[in-house]
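Asker: got a predicted structure plus its sequence, pasted below:
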Amino acid sequence: VQLVESGGSSVQPGGSLRLSCVVCGFTSSFYYMSWVRQAPGKEREGVAQIYRRMFYTHYADSVKGRFTISQNNAANTVTLQMDNLKPEDTAMYYCTASNDFKTQFVPQLYPYWGQGTQVTVS
């Protein structure tokens, strides 16, 4: 299984970016997918999660109202639309995935990770 992210870039504050994650080598769809970010010197932060079966999404308070996560099961992709970006959103963004209900609410513990895509807001 491979997760491949794309869409990271440098933008000015107030700008928008759309991150995409394609799941390769997995014929089904993961139950739980998320975007996790890590800024230099900071801990990993789960910013958005989507739970396919429950049609449920969850956002960190820091991005609520600005970020939107969505999933296309047919294309086996998950996207993160990021609007009104702030300098504090600068980080490496990782797509993660899991089918383990025991850790569904802790995306930092999901077993499958992409290589990351850099977002810089300045």
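Answerer: Perfect, I can see it now.
Asker: where in the chain is pLDDT low?
Answerer: 54 (pLDDT under 70).
Asker: residue 36: neighbouring residues, count only.
Answerer: Neighbours of residue 36 under the rule other Cβ atoms under 10 Å: 24. (C-beta placed from N, C-alpha, C; glycine too.)
Asker: and what of the one 3 residues further on?
Answerer: Counted with other Cβ under 10 Å, residues neighbouring residue 39 total 14.
Asker: ok, now which ones touch it?
Answerer: Contacts for residue 39 were tallied using Cβ atoms under 8 Å, 6 or more residues apart in numbering; they are 88, 90-92.
Asker: one more: residue 46?
Answerer: So residue 46 contacts 34-36, 60, 106-108 (Cβ under 8 Å, 6+ apart).
Asker: for it, pull up the helix or strand it's in.
Answerer: Residue 46 is part of strand 45-51, with elements assigned from DSSP states H and E.
Asker: direction included, what does that strand pair against?
Answerer: strand 32-38 (antiparallel), strand 56-59 (antiparallel) (DSSP bridges).
Asker: with distance to residue 118 as added columns, please give these in JSON lines.
Answerer: Shown next, in JSON lines, are these (distance: least, Cβ to Cβ, whole Å):
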{"stretch": "strand 32-38", "distance to residue 118": "10"}
{"stretch": "strand 56-59", "distance to residue 118": "21"}
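Asker: no further queries at this time; thank you.
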